[in-house]
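Novice: Return atomic coordinates for the entry below.
(2 chains)
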Protein chains: 2
Amino acid sequence: MSATVTFDLNRYLQERARFIDDALERYLPSEQERPQLLHRAMRYSTLSGGKRLRPILVIAGAEAVGGTAEAVLPTACAIELIHTFSLIHDDLPAIDNDTLRRGRPTCHVQFGEAVAILAGDALFAGAFELIALNADTAPSERVVQVLHLIAEASGTRGMVGGQMVDILSEGKAVDAETLEYIHLHKTAALIRASVVAGALLAGGSCWQVEALGTYGTKVGLAFQIADDLLNVTGDPSKTGKAVGTDAARGKATYPALFGVEASQKRAQQLIQEAIAALHVFGEQAEPLRAIAHFIVEREG
Amino acid sequence: MSATVTFDLNRYLQERARFIDDALERYLPSEQERPQLLHRAMRYSTLSGGKRLRPILVIAGAEAVGGTAEAVLPTACAIELIHTFSLIHDDLPAIDNDTLRRGRPTCHVQFGEAVAILAGDALFAGAFELIALNADTAPSERVVQVLHLIAEASGTRGMVGGQMVDILSEGKAVDAETLEYIHLHKTAALIRASVVAGALLAGGSCWQVEALGTYGTKVGLAFQIADDLLNVTGDPSKTGKAVGTDAARGKATYPALFGVEASQKRAQQLIQEAIAALHVFGEQAEPLRAIAHFIVEREG
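Specialist: Predicted coordinates for the structure are as follows:
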């Protein structure tokens, strides 16, 4: 019987998401501690039932090279804090002006703009505290490599840079090259960093890290295409987000540029390429293979 | 002749500020690189002729334990990026709504709110990239310690937490304990982290680091009192900022709570305590002693 048949992805995702949620609960500052309102906002936005895809990818990256979830847990949570920080800031009135996220009012709607800006900032700072904590279970040299990787993937050569080009492109005719730039930076950079960070901390070799980097970029691009497709064809009761907002806003998306069918095809192709990059790994990479399929097949 | 007499602080500050400015110029992303507008905003706010007090304190902290400016340069610049990030976000309409900074329009006035939010975020991310780079000239174990120190001093148990309590206290009667909380977190935490980071990277011992931590906290508190005094009695042509804005806004400040004279006295006392903490150091800490005096005597 092959591993592909026996591997239970739903169970894997649920167990690891619970593991991450428990750790986030512990790592996030208490609502009893000062400043209470800030901590309430940080917890509200982080502990809102996300899929925890990025931190799970940190864990799966570690497992692919023979590591454990426990040994990369602080960095896995750090990545989720960075993701949450980016959602809070992106939702702000001056940026995407979104009012609904994971089926609940966005942070600035719930707590006001000042608190939302500072909650995002504090989550971003907290992420780097967690990365430092990972030196308890991984060599400091590796932690420093991961620090560089994640900081770069978050900043102007990554997520923030991609978001900037994304909003500057709103309402404009965007070419395929700019769309690729946005997707690579806004989404794929942090997803790639997640898988690679797990592998680095768990002692992965150069060629393992490189293969997982390719996997991460492909899966990250596919994820954004799938996300854009859900904004066209998704069910708000499953996505927790309004539908059709990208088109209304003149957002640069894959379906807007190439149509729904070509987008689905491109996402599938990227997933095949991602899985091909894993050929050097055995059964230990089975979660990564299953996650790749899940990313384009999910409904929310 | 004693070192106190011969030490030329102005020359020291000017030389080190130029050294920092040259490095920031190199480290900041180019305006020719995409996304150009974001990079223009990051450079506009960072390269605007600040005093570079915090990065100079990183260098002076390293020198106090026998290290060099070169060996701590990336972290020194990282601290300046964090300081700039905090200024950009604090100036936003939803927070302090300031329009003038260092004699020029604030980032959001010049580039719009979305760009200002993202420029702050990108500077914060860039700071952590620079900290990782410091592993080229310092042991990784020390870099990880510095990472933890600076992340904590920036986040909810530091700068961002202090800023949150500061704006929540606007227009309210604030007790001395809350005022101390605000000053310790909003200002002193990052100033303390600057001196300590320099000493850690340069191989300082536990007791050296502890003494410099005490120095940093005292100097940080004195700095904020001096800043609040300048907002009452300062000359806008020298501070580059409007005067009387704290009082107009009902900000919790030392002069508002205790009066101008008691504030001046308290700042002087803190400086004496800061210098006393340096008794374990010889001539190598002369810059730190001179900077302590400068902090309460400056006019801008």
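Novice: If you average pLDDT per helix and strand, which one of chain A comes out bottom?
Specialist: The weakest-scoring helix or strand in chain A, judged by mean pLDDT, DSSP states H and E, is helix A:3-6 (a mean of 56).
Novice: Break down the stretch 101-250 of chain A into its helices, ranges please.
Specialist: For the stretch 101-250 of chain A, the helices defined by DSSP state H, counting those that start in this stretch cover A:107-111, A:113-133, A:140-154, A:159-168, A:176-183, A:189-201, A:206-233, A:236-239, A:245-248.
Novice: check contacts around the residue in the stretch 1-150 of chain A that chain B sits nearest to.
Specialist: Closest contact between the stretch 1-150 of chain A and chain B, by C-beta to the nearest C-beta, is at A:A125 (3.0 Å). C-betas here are computed from N, CA, C, even on glycine. Shown in contact with A:A125 (C-beta atoms under 8 Å, 6 or more residues apart in numbering or on different chains): B:124, B:151-152, B:154-156, B:158, B:160.
Novice: What's the separation between the residue lying closest to it once chain neighbours are set aside and A:L130?
Specialist: Spatial nearest neighbour of A:A125, chain neighbours left out: B:G155 (3.0 Å); criterion: C-beta to C-beta, 6 or more residues apart in numbering or on different chains. Between B:G155 and A:L130 the computed distance is 11 Å (C-beta to C-beta, to the nearest Å).
Novice: So between the two, which is more surrounded?
Specialist: With neighbours defined as other C-beta atoms under 10 Å in any protein chain shown, B:G155 and A:L130 compare such that B:G155 has more, 26 against 23.
Novice: hang on, isn't that one packed against A:E129?
Specialist: Yes - with contacts counted by C-beta atoms under 8 Å, B:G155 reaches A:E129, the gap being 6.6 Å.
Novice: Test for you: state the pLDDT assigned to the residue nearest to A:A116 when sequence neighbours are not counted.
Specialist: Nearest residue to A:A116, sequence neighbours excluded (C-beta to C-beta, 6+ apart): A:H108, at 3.7 Å. Listed pLDDT for A:H108 reads 98.
Novice: The residue nearest to the spatial centre of chain A and A:A285, how far apart?
Specialist: Chain A has A:R54 as the residue nearest its centroid, 4.1 Å off, counting by C-alpha atoms, centre = their mean. According to C-beta to C-beta, A:R54 stands 17 Å off from A:A285.
Novice: Same check on A:H108?
Specialist: From A:H108 to A:A285 the distance is 40 Å (C-beta to C-beta).
Novice: one step back: quick check: the residue nearest to A:A116 touching A:L92?
Specialist: Yes - judged on C-beta under 8 Å, A:H108 makes contact with A:L92 at a distance of 5.6 Å.
Novice: Now do the shared contacts for these two.
Specialist: Residues touching both A:H108 and A:L92 (C-beta under 8 Å, 6+ apart): A:116-117.
Novice: neighbour-wise, which of the two wins?
Specialist: Remark: of A:H108 and A:L92, A:H108 carries more neighbours, 26 against 22, as counted by other C-beta under 10 Å.
Novice: residues in contact with the residue nearest to A:K241 when sequence neighbours are not counted?
Specialist: Leaving out its chain neighbours, the residue that sits closest to A:K241 by C-beta to C-beta, 6+ apart is A:L100, at 6.3 Å. For A:L100, the contact set (C-beta under 8 Å, 6+ apart) comprises A:106, A:240-242.
Novice: do A:I82 as well
Specialist: Going by C-beta under 8 Å, 6+ apart, A:I82 touches A:123-124, A:127, A:150, A:154, A:159, A:190.
Novice: do stretch A:46-56 and chain B meet at all?
Specialist: No - Stretch A:46-56 does not reach chain B (C-beta under 8 Å from any C-beta of the partner chain); its nearest approach is 12.5 Å.
Novice: Ignore what I typed, I meant stretch A:173-190.
Specialist: Yes - using C-beta under 8 Å from any C-beta, we find that stretch A:173-190 touches chain B at A:Y181.
Novice: Pipe the contacts of A:A125 into JSON lines and attach pLDDT and distance to A:D8 per row.
Specialist: JSON lines is the format used below for the contacts of A:A125 (pLDDT from 0 to 100; distance: C-beta to C-beta, whole Å):
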{"residue": "B:F124", "pLDDT": "98", "distance to A:D8": "40"}
{"residue": "B:A151", "pLDDT": "98", "distance to A:D8": "37"}
{"residue": "B:E152", "pLDDT": "98", "distance to A:D8": "40"}
{"residue": "B:S154", "pLDDT": "98", "distance to A:D8": "41"}
{"residue": "B:G155", "pLDDT": "98", "distance to A:D8": "38"}
{"residue": "B:T156", "pLDDT": "98", "distance to A:D8": "38"}
{"residue": "B:G158", "pLDDT": "98", "distance to A:D8": "43"}
{"residue": "B:V160", "pLDDT": "98", "distance to A:D8": "41"}
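Novice: any idea which of the residues you listed is closest to A:F85?
Specialist: Nearest to A:F85, judged by C-beta to C-beta, of the contacts of A:A125 is B:F124 at 9.6 Å.
Novice: The closest one: neighbour count?
Specialist: Per other C-beta under 10 Å, the neighbour tally for B:F124 reads 28.
Novice: That one touches B:H83, doesn't it?
Specialist: No - with contacts counted by C-beta under 8 Å, B:F124 stays clear of B:H83, the gap being 10.5 Å.
Novice: OK, contacts around A:T99?
Specialist: Listed by C-beta under 8 Å, 6+ apart, the contact set of A:T99 reads A:91, A:105-106, A:109.
Novice: Just flag the most distant two among these.
Specialist: Using C-beta to C-beta, these span at most 9.8 Å, a distance reached by A:D91 and A:P105.
Novice: Of the two, which one has the most company?
Specialist: For A:D91 versus A:P105, neighbours defined as other C-beta under 10 Å are more numerous around A:D91 (22 against 14).
Novice: That one touches A:R104, doesn't it?
Specialist: No - checked against C-beta under 8 Å, the pair A:D91 and A:R104 is beyond contact range at 11.3 Å.
Novice: Give me the contacts around stretch A:27-47.
Specialist: By C-beta under 8 Å, 6+ apart, the residues outside stretch A:27-47 that reach it are A:21, A:24-25, A:74, A:77, A:80-81, A:84, A:87-88, A:101, A:107, A:110-111, A:115-116, A:118-119, A:122-123, A:126, A:130, B:156-157, B:160-161, B:164-165, B:168, B:181.
Novice: And that stretch, end to end?
Specialist: One end of stretch A:27-47 to the other measures 11 Å (C-alpha to C-alpha, to the nearest Å).
Novice: try stretch A:41-51
Specialist: End-to-end distance (C-alpha to C-alpha), stretch A:41-51: 19 Å.
Novice: That one - what's its average pLDDT?
Specialist: Taken as a whole, stretch A:41-51 carries a mean pLDDT of 94.
Novice: mind listing what's buried in that stretch?
Specialist: Neighbour-count burial for stretch A:41-51, counted by 16 or more other C-beta atoms under 10 Å in any protein chain shown, picks out A:41-46, A:50.
Novice: Likewise for stretch A:59-74?
Specialist: For stretch A:59-74, by 16+ other C-beta under 10 Å, it's A:59-65, A:67, A:69, A:71-74.
Novice: can you check stretch A:167-178 too?
Specialist: In terms of neighbour count (16+ other C-beta under 10 Å), stretch A:167-178 has its buried residues at A:167-169, A:174, A:178.
Novice: How about residues contacting that stretch?
Specialist: With contacts defined as C-beta under 8 Å, 6+ apart, stretch A:167-178 is touched by A:95-96, A:165, A:182, A:249-252, A:257, B:35, B:37, B:114.
Novice: what separates that stretch from the chain centre, distance-wise?
Specialist: Averaged C-alpha coordinates place stretch A:167-178 at 22 Å from its chain's average position (C-alpha atoms, centre = their mean, to the nearest Å).
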